[in-house]
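quick one, fold the following:
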Amino acid sequence: MNRRHFLHSAVAAGVASTLPVHALLAQMTEVTGEISAVSGAGAEISLEKAAVQELSDSLRGNLLLPGNAGYDVARRVLNESIDKHPALVVQPTGVADIQNAVNFARERELLLAVKCGGHSYGGKSTCDGGMQIDLSTFRHARVDPTSRTAYVAGGSLLGELDRESMAHGLVTTAGTVSHTGVGGLTLGGGFGRLAKRFGLALDNVKGVDIVTADGRLVQANAEQNPELFWGVRGGGGNFGIVTSFEFQLHPMQRQVIGGDIVFPLDKARDLLKLYGELLVNGPDDLSLDFIALASAGGGDPIAMIHVCYSGPANKAEQVLAPLRKFGTPLQDTIAAIDYVALQATWDNSDPRNLGEYLKGGFINELPDNLADTLMDGFEPHPERNLTLLFQGSGGAIGRVPADATAFAHRKSIANMLPIVSWPLDQDAAPHIAYIREYWKTLQSSTDGYYTNEASDEPQRVQHANYQGNFERLQALKNKYDPGNLFRLNANIAPSV
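Numbering: from 1, shown residues only. Below is the predicted model of the structure:
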């Protein structure tokens, strides 16, 4: 199987997001006139030349305007079908820059987007006509091995956290693609290859520093502002910009058992049923993802299970025996591998020039009739790439009470995601329509959705998705962002 076709853009590499930032620093921006912009409510506004120049001069990092070097890199996100143009981009190098940018945006009621890794499927980390705060210039990770704690700057990528912590034989849950932004992943939930064993990324957060809508830097942990600490763990970017994360780390050996076992698509139905059984009955140190994949323009469709086993090596074959007995695979790459290397194995599947669209939802069980419906509606097509992804959960995730953090979806055994991608020179409409129709056959089996994948859900659906935690979250929104400055997210609209 060609790894470059695997998962298409679901694990696509963010070349722009990993561009060395030092090449973009120390750029002096000259403001030549008033700038047309839009407010958060969508009204057209004008930014005075002197005010924008004053903002630029106040920054140690960059202010980028359309036409400036680095502007097009900053404004783009991983989903190539999202092509938006902010009126201005701030690239901070410290907390003071972030505070200055937030104050400027709030005072002018500017539409505001915050970009970390740029992985938002709905393109919520960029915008048309507003301000984008691009955190690619604000990255750092430091580990204290004595207290087993990682201190991570808000714009950092997951690979930095993995590399620094694993160097000390320590680890925490950190996604499945190393160029994902720590901030976006963690604030919304934070699934990963170790989540079933150690909990979500947000379950391992000990504290945050956050710039709120009024421009203050606030510390939130179990002792200081505990209600805000509760809310940022699952409430996403609704309350401000996290400038620093403090993560609890756990001892773990570097070498794990990982890789893919691949079968023809005609085995997908039975493989999916086996996957459901393993999700429920497998140990916490076994992480499993199911993928069915059909590529446009050639190649046989396949079904596969991706494995990460982080338990005792002498028990690996016993744990993996059901997979080994399933049948003769097309390919089996499951073997001993360095954990940090495994975390980067999906990084280089960069489709380039593809649009993408997905729907998703959590499932609390995977009955046979759902497996049948899934495969009945999975229709390969010569003009689109089609992926059906299940990311497993359960284990330690489900042992946390639903109201212990703002993330409420503790009952799920997996996140179910049909994804379509297509060349940008094609009409997107038929591909999006296919996924929407397919999703209609699946949605009744779901119990809410992962807010990090929110795109076009209406506000009433977004509010309902926080389930029993919504009222507390809205009270926090009223306190920390009553003007809804931070609205480009799975938004909790204030009631004041």
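
adjacent strands (with direction) for the helix or strand encompassing residue 304?
Take DSSP states H and E as the rule and residue 304 turns out to sit in strand 302-309. Strand 302-309 has the following strand partners under DSSP bridges: strand 255-264 (antiparallel), strand 286-294 (antiparallel).

using PDB, list the CA coordinates for the longest one.
In PDB, the C-alpha atoms belonging to strand 255-264 read as follows (Å, rounded to 0.1, in the frame of the first residue of the first chain):
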ATOM      1  CA  GLN A 255       9.800   0.600  22.000                       C
ATOM      2  CA  VAL A 256       6.200  -0.400  21.300                       C
ATOM      3  CA  ILE A 257       4.500  -2.800  18.900                       C
ATOM      4  CA  GLY A 258       2.900  -0.900  16.000                       C
ATOM      5  CA  GLY A 259       1.900  -0.900  12.400                       C
ATOM      6  CA  ASP A 260      -0.900  -1.900  10.000                       C
ATOM      7  CA  ILE A 261      -2.500  -5.200   9.000                       C
ATOM      8  CA  VAL A 262      -4.200  -4.800   5.600                       C
ATOM      9  CA  PHE A 263      -6.900  -6.800   3.800                       C
ATOM     10  CA  PRO A 264      -8.900  -6.500   0.600                       C
END
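
for the remainder of this discussion, apply numbering that starts at 305.
Happy to do that; since the first residue is 305 now, the last one works out to strand 559-568.

figure out how far it is from the centre of its chain.
Relative to its chain's centre, strand 559-568 lies at 23 Å (C-alpha atoms, centre = their mean, to the nearest Å).

for this protein, which segments count as helices?
353-362, 375-379, 399-411, 462-470, 486-492, 499-502, 530-536, 572-585, 620-628, 643-647, 672-681, 733-744, 763-769, 774-784 (DSSP state H).

which strands and helices lie in contact with the last one?
Contact here means 3 or more C-beta pairs under 8 Å, 6 or more residues apart in numbering; DSSP states H and E; on that basis helix 774-784 packs against helix 530-536, helix 763-769. Where C-beta positions appear, they are placed from N, C-alpha and C, glycine not excepted.

swap in the fifth one?
Under the contact criterion of 3+ C-beta pairs under 8 Å, 6+ apart, helix 486-492 touches helix 462-470, strand 545-552.

the first one vs strand 545-552, what angle?
Between the axis of helix 462-470 and that of strand 545-552 there is an angle of 30 degrees, by axes from the mean of the first three to the mean of the last three C-alpha atoms, to 10 degrees.

so which residues make contact with helix 462-470?
Residues outside helix 462-470 that contact it (C-beta atoms under 8 Å, 6 or more residues apart in numbering): 421, 443-447, 454, 456, 475-476, 478-479, 481-486, 489, 551, 553, 556, 558, 643-644, 647-648.

what residues are up against the most centrally placed residue in the chain?
The residue lying closest to the centre of the chain (C-alpha atoms, centre = their mean) is residue 489, at 4.2 Å. By C-beta under 8 Å, 6+ apart, residue 489 lies in contact with 421, 423, 462, 478, 479, 505, 756.

which residues touch the last one?
The neighbours of residue 756, taking C-beta under 8 Å, 6+ apart as the test, are 424, 488, 489, 492, 493, 540, 794.

residues touching residue 401, list them.
Here residue 401 is in contact with 362, 363, 364, 365, 394 (C-beta under 8 Å, 6+ apart).

and which of the residues you listed is nearest to residue 531?
residue 394 (28.9 Å; C-beta to C-beta).

burial measure for the closest one, as a count.
When neighbours are counted by other C-beta atoms under 10 Å, residue 394 registers 28.

try residue 376
14.

again, but for residue 345
10.

which residues touch the residue lying closest to it once chain neighbours are set aside?
Excluding its sequence neighbours, the residue lying closest to residue 345 (C-beta to C-beta, 6 or more residues apart in numbering) is residue 413, at 7.3 Å. Contact analysis of residue 413 by C-beta under 8 Å, 6+ apart lists 343, 344, 345, 349, 787.

any idea how far residue 413 is from residue 353?
Distance, residue 413 to residue 353, by C-beta to C-beta, to the nearest Å: 19 Å.

surely residue 416 touches residue 344?
Yes - between residue 416 and residue 344 there is a contact under C-beta atoms under 8 Å: 7.0 Å.

so which of those two has more stuff around it?
residue 416 (27 against 20).

who are the contact partners of the more buried one?
344, 406, 409, 431, 434, 435, 436, 437, 789, 790, 791, 792.

next: residue 728.
384, 385, 657, 658, 659 are the contacts of residue 728 under C-beta under 8 Å, 6+ apart.

hmm, residue 337 is touching residue 351, no?
No - using C-beta under 8 Å, residue 337 is not in contact with residue 351; the gap is 9.9 Å.

tell me which of the two has more neighbours.
residue 351 (20 against 10).

what sits against that one?
Shown in contact with residue 351 (C-beta under 8 Å, 6+ apart): 338, 339, 340, 341, 391, 392, 412, 414.

one more pass at 10 Å, please.
335, 337-341, 359, 391-392, 408, 412, 414, 435 (C-beta atoms under 10 Å, 6 or more residues apart in numbering).

any of the residues you listed buried? List them.
335, 339, 341, 359, 391, 392, 408, 412, 414, 435 (16 or more other C-beta atoms under 10 Å).

in strands only, show me those residues.
Of these, the ones assigned to strands by DSSP state E are 339, 341, 392, 435.

low-confidence ranges in the chain?
The model of the chain has pLDDT under 70 over residues 305-332, 653-657.

give me the domain ranges for it.
311-441, 445-556, 559-757 (automatic domain parsing).

could I get the ones in strands among the buried ones among the contacts of residue 351 as a markdown table with distance to residue 587?
Formatted as a markdown table, those follow (distance: C-beta to C-beta, whole Å):
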| residue | distance to residue 587 |
| --- | --- |
| 339 | 56 |
| 341 | 53 |
| 392 | 50 |
| 435 | 47 |
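
from those, which single one is nearest residue 774?
Nearest member of those to residue 774, counting by C-beta to C-beta, is residue 435, at 27.9 Å.

residue 389 is in contact with that closest one, correct?
No - in this structure residue 435 lies outside contact range of residue 389 using C-beta atoms under 10 Å: 11.9 Å.
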